[in-house]
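Enquirer: What shape does this take:
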Amino acid sequence: MSHLEKTLIVFKPDAVQRGLVGEILSRFEKVGLKIIGVKMLKPDYDHYFHHYEKIGKMISRRGQEVFDVTLKMMGAGPVVAFVLEGIEAASLVRKMVGSTEPKSALPGTIRGDYAHMSYIYGDVNKVGIPNLIHASGDAEEAKNEIAHWFSDSELYEYETAHEKFTQTKKPSK
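Expert: Predicted coordinates for the structure are as follows:
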């Protein structure tokens, strides 16, 4: 069984508008994850509904109000979506991104280093939490999200110069 996985990250409008996409993306590359798909887009309501409810079950888990606030925030500008590939990529990315609530995210994680808002502040002010990035919850969710955001023709196979160090492939004979 291969532990090589693909996962989806979406830089939310706050990351794009703050000019943090390149800086944060480099952290994923430095750990050895490979970019195999990328695009900038401004999805419509139906796209986000499918992503957050059909796949993520947000309304079922968190309620309609949280869903509505999230979609309003996501509609504030374009996003940049990436598919990353690496060993146990989904769990690695989740660890690097940190807790969904920026206030609870540990220093050294992306949200811990670049965001700070609490759920309480967001709830009181009825605003979405600017937490910079969406990351697939697990490998299965990643498969569904990647299929929703990317077609097969938008994903690329290639070898990087450092894969022998980041994926410890068996030497060829």
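Enquirer: for the chain, which spans come out with low pLDDT?
Expert: 1-2, 168-173 (pLDDT under 70).
Enquirer: What are the boundaries of the strands in the chain?
Expert: For the chain, the strands defined by DSSP state E cover 4-11, 34-41, 79-87, 133-135.
Enquirer: Which one, of those, ends up nearest to Thr160?
Expert: Set against Thr160 and scored by C-beta to C-beta, those come closest in strand 34-41, at 5.5 Å. Every C-beta, even on glycine, is put in place using the N, C-alpha and C of the backbone.
Enquirer: Between strand 79-87 and the closest one, find me the angle.
Expert: 170 degrees (axes from the mean of the first three to the mean of the last three C-alpha atoms, to 10 degrees).
Enquirer: ok, the residue nearest to Gly37 when sequence neighbours are not counted - contacts?
Expert: Excluding the flanking residues, the one nearest Gly37 by C-beta to C-beta, 6 or more residues apart in numbering is Val83, at 3.7 Å. Going by C-beta atoms under 8 Å, 6 or more residues apart in numbering, Val83 touches Lys6, Thr7, Leu8, Ile35, Ile36, Gly37, Val38, Ile146, Trp149, Phe150, Leu155.
Enquirer: Look at the last one and say how many residues are nearby.
Expert: Using other C-beta atoms under 10 Å, the number of residues around Leu155 comes to 14.
Enquirer: now it: how far from Leu33?
Expert: Counting by C-beta to C-beta, to the nearest Å, the gap from Leu155 to Leu33 is 14 Å.
Enquirer: and if you look at the third one?
Expert: Distance from Leu8 to Leu33, counting by C-beta to C-beta: 12 Å.
Enquirer: What of Gly98?
Expert: Distance from Gly98 to Leu33, by C-beta to C-beta: 16 Å.
Enquirer: Where do the helices of this structure begin and end?
Expert: With DSSP state H as the criterion, the chain has helices at 13-17, 21-30, 45-49, 58-62, 64-74, 89-97, 110-114, 119-125, 139-149, 163-166.
Enquirer: Quick check: which of those is nearest to Leu132?
Expert: helix 13-17 (4.3 Å).
Enquirer: Of all the residues in the closest one, which ones are buried?
Expert: Pro13, Asp14, Ala15, Val16 (16 or more other C-beta atoms under 10 Å).
Enquirer: Could you pull up the residues touching Ser60?
Expert: Applying C-beta under 8 Å, 6+ apart, the residues near Ser60 are Glu53.
Enquirer: Regarding the closest residue to Lys103 other than its chain neighbours, what are the backbone dihedral angles?
Expert: The shortest distance from Lys103 to any non-neighbouring residue, by C-beta to C-beta, 6+ apart, is to Ser118 (3.9 Å). Note on Ser118: its backbone torsions stand at phi -100, psi 160 [degrees, to the nearest 10].
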